[in-house]
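Colleague: What would the 3D arrangement of this be:
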Amino acid sequence: MSNRSWDPAAPGVLRLPSGRLVRGRGLRNPIPSGDTPQFGVYLQSREPAPFEWESRWVRWRDFWLPSDRGALAPVLRELLERSGSERVEIACGGGFGRTGTAMSCLAVLDGIPAAEAVGYIRENYSRRAVEMPWQKRFVTRFD
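Modeller: As a prediction, the model looks like this:
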């Protein structure tokens, strides 16, 4: 398995301030062509079917917040650590609300002030990221 990172120009790939690359995507869409992830974090109300790569699941209903809010930070810290040497992705059903919220929290862990994280993700990942007001509030209080 190759340790090269994502193509920074590929759809859904976000460059964090540290330079690390993370892919966001919607699970309802076909998996993008090319390289597959080596590690993924999946944000869904039900546990997803197994992937061909290592993964973590965070129970998270569409348009809401994680069922266990304390479980998100350790999973994102692991993803951030692994992004230094592996292709990592974050995904939910559509790839915007839950994925954008988690990517915003990841940006906070990477050093962006919490008050600026949603704007950073909307500018650098998708303008549709973080769909609900309570998701944005969750990011501003994330540490």
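Colleague: and L80, that's in a helix?
Modeller: Yes: using DSSP: H, G, I helix; E, B strand; the rest coil, the assignment for L80 is a helix.
Colleague: so what's the residue minimising distance to the centre of the chain up against?
Modeller: Centroid-nearest residue in the chain, with C-alpha atoms, centre = their mean: I90, separated by 3.4 Å. Residues near I90 by C-beta atoms under 8 Å, 6 or more residues apart in numbering: 22-24, 40-43, 79, 99, 102-103, 106. In short, each C-beta sits where N, CA and C put it, glycine included.
Colleague: Same question for E89.
Modeller: E89 makes contact with 12, 22-25, 37, 39-41, according to C-beta under 8 Å, 6+ apart.
Colleague: And for L16?
Modeller: Each residue near L16 by C-beta under 8 Å, 6+ apart is listed here: 22, 80, 83, 106-107, 110.
Colleague: now, which of the contacts of I90 sits nearest L72?
Modeller: A102 (6.9 Å; C-beta to C-beta).
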